[in-house]
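Student: Mind looking at a prediction? Sequence and model below.
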Amino acid sequence: MGDYRENYELWLTDDYFDADTKSELRSIAGNEKEIEDRFFKTLEFGTGGLRGVIGAGTNRMNFYTVGKATQGLANYITKQGEEAVKSGVAIAYDSRRFSPEFAKHAALTLAANGIKAYLFESLRPTPALSFAVRQLGATAGIVLTASHNPPEYNGYKVYWSDGGQVPYPRDEAIIGEANAVVNFSDCGRISEDEAKKAGLLQYIGKEVDDAFISNVKAQTVNPALVREMGDKLTVVYTPIHGTGNVPVRRVLSELGYTRVHVPPEQEAPDSNFSTVGYPNPEDSKVFAISMKLAAEVGADIILGTDPDCDRVGAVIKNPTGEYLSLTGNMTGTLLTEYILSQKAAAGSLPKNGAVISTIVSTDMTKAIAAAYGVDYFDVLTGFKYIGEKIKEFEETGSHEYLFGFEESYGCLAGTYARDKDAVVASMLICEMAAYYKKNGKSLYDGLTEIYEKYGYYKESIESITLKGVEGLASIKRIMGALRDNPPKEVGGVNMSALRDYKASVETDFATGAKKPINLPVSDVLYFSLEDNSWFCVRPSGTEPKIKIYFGVKGADAADAESRLNILSAAVLKLVK
């Protein structure tokens, strides 16, 4: 039966595993496929850390896999020296099942290793954790969240002292330490009382919260506009049962936005995400309840944040009164244009200003940055790479960070955090909506204006789910085939270049010339076509999926739509 069977039997018989775990595993005794899926591998770190379905087994999120990851992190921190140990680790968690329990388990594992844990007293957004690491001078941070995944998931993300998610090569070193913990019984843990008595567990709250909120509010671009329009803008905001309810409403209230309405059905934390199931603001279905409320109150804009409040979705009305869900690219480019134009008008746009986005996000951002004379930087998918770039700017003094976003609905203004922050994004979207309202326009008008100014850019994404052992093999096979035999043309358009981020080489199709790519190694293939369209293929770092991104530029909206449909159909046929 192989190793997975041995692991299953071990968990059933070893005294280290508790009765509830064994009971759960006995209940699947006749389901060989389920046993294999739970034990064929150990849950691994990806671009977003540890993430998986909650349950018993090596390939699941549970106290044992959380303990193993934390013991590995503790071992790594210990090897960094006494100062790293003394500075401790900040820990936050969201509204998911077992998030508070997993967070405390991690804290007490760290304490058993002599490392102080700063544990938030109740649920907090992920960006608040990123901020807390810096505010407390901690060596590292942990947040228990599976972001916008379905309710059966949870996850574990690790941050370093700069407040960013752990980048390469430190991430690999920590993963190495976690993998070196072979026996779950090697994971330390002491009681809460012992940890408190030893000064190794400290609960945190108001002081850090106040500082975080103050830093968010400081990112207001035009304070006079906000003071003038705060009581005139009508907003519907939903935290989608997550962590955003308190901080987003607090920021908006303190800035004078008096007409903020929250659907009561989605206000309270709920680990089952009962009204939506899949709590992802990228999915317009999560806004159904908000749209009803928006119609009742005459809302100018609808906002929704995901469970750990690092992504925000926005819904606006078109001229016929229909609701339009903005994509992450639409929101990101609208905010980029707003921030740069306002700073330019105020004379506060720095000469060395910089905007950062990811290789799979819209090309429009490059055009906006060029129009305002600021530099644009491409990074790999994952906000930790934007965080790394901010750190580089601070260390070298080369650029002043202005704004960064990725197509997956995450952005950041300011450098108080090093991860995407839906609290500051919600605040800035409201400010932007207020600006257009003052000028007799809607956000839809603003969107139309940037298309007319910079071109009709349009993007989409397709995710193909491939679960289990077979799925993993399929993903590897697809990536290998595209890498070894790249298509010469797609949808009747010739290829112009291939960027292989795993080989760190860009190849020109016409000349065969190759040039190096100066970004971290990643299993990503980016294809450029001769008509300025592109597509990019990569395995997800956190889910059993292969993701395909598409981007085009059209003469007008209809042309862009047509080009996108032709490109995506041709690529999906090629991949499948």
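Tutor: Structure's in. What do you need?

Student: just checking, L335 is part of a helix?
Tutor: Yes. Counting by DSSP: H, G, I helix; E, B strand; the rest coil, L335 is part of a helix.

Student: Can you report how many residues lie near it?
Tutor: 21 (other C-beta atoms under 10 Å). For the C-beta atoms, the positions are set from N, CA and C on the backbone; glycine is no exception.

Student: wait, isn't it in contact with A425?
Tutor: Yes. Shown here, L335 and A425 form a contact pair, counting by C-beta atoms under 8 Å, at 7.4 Å.

Student: Overlap in contacts, these two.
Tutor: By C-beta atoms under 8 Å, 6 or more residues apart in numbering, L335 and A425 have these common neighbours: 411, 413.

Student: How much space separates A344 from E449?
Tutor: In this view, A344 and E449 are 15 Å apart by C-beta to C-beta, to the nearest Å.

Student: which residues are contacting stretch 170-187?
Tutor: So stretch 170-187 is contacted by 16-17, 42, 44-45, 64, 67-73, 75-76, 79, 109, 158, 160, 166 (C-beta under 8 Å, 6+ apart).

Student: where are the low-confidence patches of the stretch 1-150 of the chain?
Tutor: 1-2, 45-48 (pLDDT under 70).

Student: What segments of it are strands?
Tutor: Per DSSP state E, counting those that start in this stretch, the stretch 1-150 of the chain carries strands over the ranges 45-46, 49-53, 89-93, 117-120, 140-144.

Student: For the ones you listed, give me CSV that also has mean neighbour count and distance to E172.
Tutor: Output for these, formatted as CSV (neighbours: other C-beta atoms under 10 Å; distance: least, C-beta to C-beta, whole Å):
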stretch, mean neighbour count, distance to E172
strand 45-46, 20, 9
strand 49-53, 24, 13
strand 89-93, 30, 19
strand 117-120, 24, 24
strand 140-144, 29, 15
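
Student: Out of the ones you listed, which gets nearest to Y278?
Tutor: strand 49-53 (14.1 Å; C-beta to C-beta).

Student: Only alpha carbons, please: show that closest one as CSV.
Tutor: Extracted C-alpha coordinates of strand 49-53, given in CSV (Å, rounded to 0.1, in the frame of the first residue of the first chain):
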residue,chain,number,x,y,z
GLY,A,49,2.9,29.4,3.6
LEU,A,50,1.0,26.3,4.9
ARG,A,51,-2.5,25.9,3.7
GLY,A,52,-4.9,22.9,3.6
VAL,A,53,-8.1,21.3,4.5
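
Student: Can you spell out which helices and strands pack onto that strand?
Tutor: helix 63-79, strand 153-160 (3 or more C-beta pairs under 8 Å, 6 or more residues apart in numbering; DSSP states H and E).

Student: Please identify the deepest-packed of those.
Tutor: strand 153-160 (a mean of 25; mean count of other C-beta atoms under 10 Å).

Student: what helices or strands is it leaning on?
Tutor: Using 3+ C-beta pairs under 8 Å, 6+ apart, strand 153-160 sits against strand 49-53, helix 63-79, helix 99-112, helix 126-136, strand 140-144, helix 170-180.

Student: which helices and strands does the second one pack with?
Tutor: Translated: helix 63-79. By 3+ C-beta pairs under 8 Å, 6+ apart, helix 63-79 packs against strand 49-53, helix 82-87, helix 99-112, strand 140-144, strand 153-160, helix 170-180.

Student: swap in the fourth one?
Tutor: Secondary structure elements in contact with helix 126-136, counted by 3+ C-beta pairs under 8 Å, 6+ apart, are strand 89-93, strand 117-120, strand 140-144, strand 153-160, helix 206-217, helix 422-438.

Student: and with 7 Å instead?
Tutor: strand 89-93, strand 140-144, strand 153-160, helix 206-217 (3 or more C-beta pairs under 7 Å, 6 or more residues apart in numbering; DSSP states H and E).

Student: Tell me the spacing between the closest residue to V208 other than its chain neighbours and T507.
Tutor: Take V208 and drop its neighbours on the chain: the residue closest to it by C-beta to C-beta, 6 or more residues apart in numbering is A132, 5.1 Å away. Per C-beta to C-beta, A132 is found 44 Å from T507.

Student: check contacts around the closest residue to T258 other than its chain neighbours.
Tutor: Using C-beta to C-beta, 6+ apart and skipping residues adjacent in sequence, the residue nearest T258 is D231, 4.7 Å away. Taking C-beta atoms under 7 Å, 6 or more residues apart in numbering, we find D231 in contact with 256, 258-259.

Student: D231 in helix, strand or coil?
Tutor: Going by three-state DSSP: D231 is coil.

Student: what pLDDT does it get?
Tutor: Note on D231: pLDDT of 97.

Student: ends of stretch 25-32, how far apart?
Tutor: 11 Å (C-alpha to C-alpha, to the nearest Å).

Student: what does it contact?
Tutor: 8, 11-12, 34-35, 56.

Student: One more: stretch 276-288?
Tutor: Residues contacting stretch 276-288 (C-beta under 7 Å, 6+ apart): 148, 150, 240-242, 273, 302, 304-307, 311-313, 315, 325, 409.
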